[in-house]
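Enquirer: sequence and predicted structure are below.
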Amino acid sequence: MSEEEEQALHRKVTELCDRGDALVEGGELDQAVALYEEALSLLPRPLHRWHAATWILTALGETLYFQAQHREAVSALNEALQCPRGLGNPLIHLRLGQAALALGDESLAREHLGRAFLAGAEDVFQGEEPRYLEIAREGAQTRQATVRTPDVGADGDGSKEP
């Protein structure tokens with residue numbers, strides 16, 4: 001793809017997503033989903049190499065979450081995690097955790113709400129129900145408890161003799 005073609009694609013995808021965002025703000029979620037899906041369909045495959053795929057899938061997943069289409073939201077958000085800068089994005093982890101909780105998957109919810117908390121602290125939870133922050137704190141504590149320290153050899157530098 002030439003640089004001109006890539007710029008034209010970026011403009012078209014951005015335009016579709018901006019229109020989708022405006023529709024979400026106006027409460028027209030079905031139409032917003034259609035625009036996000038159209039924008040996603042324009043990206044060459046594999047999707048996971050495009051930065052635009054991260055924000056399109058995030059917007060799509062969030063909108064599906066708002067529509068209470070939780071299974072579809074989890075799918076879109078899991079795919080967003082595979083895209084550039086997806087893993088560790090507090091918003092992706094927040095919405096994924098919320099959608100998982102709505103589906104009754106408390107383990108997945110705790111994991112992703114904990115990741116959202118660790119990545120974005122409490123800021124990402126502003127305006128959300130307090131229960132999500134409680135679960136996030138539990139999830140963050142669990143994640144931190146499972147992190148292991150490296151083995152330290154006799155010389156104290158972390159190396160081991162064979």
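Expert: Received the coordinates, thanks.

Enquirer: any idea which residue sits dead centre in the chain?
Expert: The geometric centre of the chain, computed from its C-alpha atoms, lies nearest to Ile92 (CA atoms, centre = their mean), at 1.9 Å.

Enquirer: could you double-check that it lies in contact with Asn78?
Expert: No. Distance between Ile92 and Asn78: 9.1 Å, which falls outside the contact criterion (CB atoms under 8 Å). All C-beta atoms are positioned from the backbone trio N, CA, C, and that covers glycine.

Enquirer: on that earlier part again, starting at the chain centroid, how far to the helix or strand the residue nearest to the centre of the chain falls within?
Expert: With elements taken from DSSP states H and E, the one containing Ile92 is helix 90-102. For helix 90-102, the gap between its own C-alpha mean and the chain's C-alpha mean amounts to 8 Å (CA atoms, centre = their mean, to the nearest Å).

Enquirer: next secondary structure element downstream of it?
Expert: Of the helices and strands lying after helix 90-102 in sequence (DSSP H and E), the nearest is helix 106-120.

Enquirer: just say helix, strand or coil for the closest residue to Thr54 other than its chain neighbours.
Expert: Distances taken as CB to CB, 6 or more residues apart in numbering put Cys83 closest to Thr54, at 3.9 Å, once the chain neighbours are dropped. Using DSSP: H, G, I helix; E, B strand; the rest coil, the secondary structure recorded for Cys83 is coil.

Enquirer: next one: the residue nearest to the centre of the chain from Val124, what distance?
Expert: Taking CB to CB, to the nearest Å as the measure, Ile92 and Val124 are separated by 10 Å.

Enquirer: can you map out the helices along the chain?
Expert: 3-25, 29-42, 51-66, 70-81, 90-102, 106-120, 130-146 (DSSP state H).

Enquirer: give the other helices and strands that the lowest-mean-pLDDT helix or strand in the chain contacts.
Expert: Within the chain, no helix or strand scores below helix 130-146, which has a mean of 84 by mean pLDDT, DSSP states H and E. In terms of contacts (3 or more CB pairs under 8 Å, 6 or more residues apart in numbering; DSSP states H and E), helix 130-146 is packed against helix 90-102, helix 106-120.

Enquirer: can you tell me which of the ones you listed has the worst average pLDDT?
Expert: For the helices and strands packed on helix 130-146, the bottom mean pLDDT is recorded on helix 106-120, which sits at a mean of 92.

Enquirer: list the buried ones in it?
Expert: If you call a residue buried by 16 or more other CB atoms under 10 Å, then helix 106-120 has these buried ones: 108-120.
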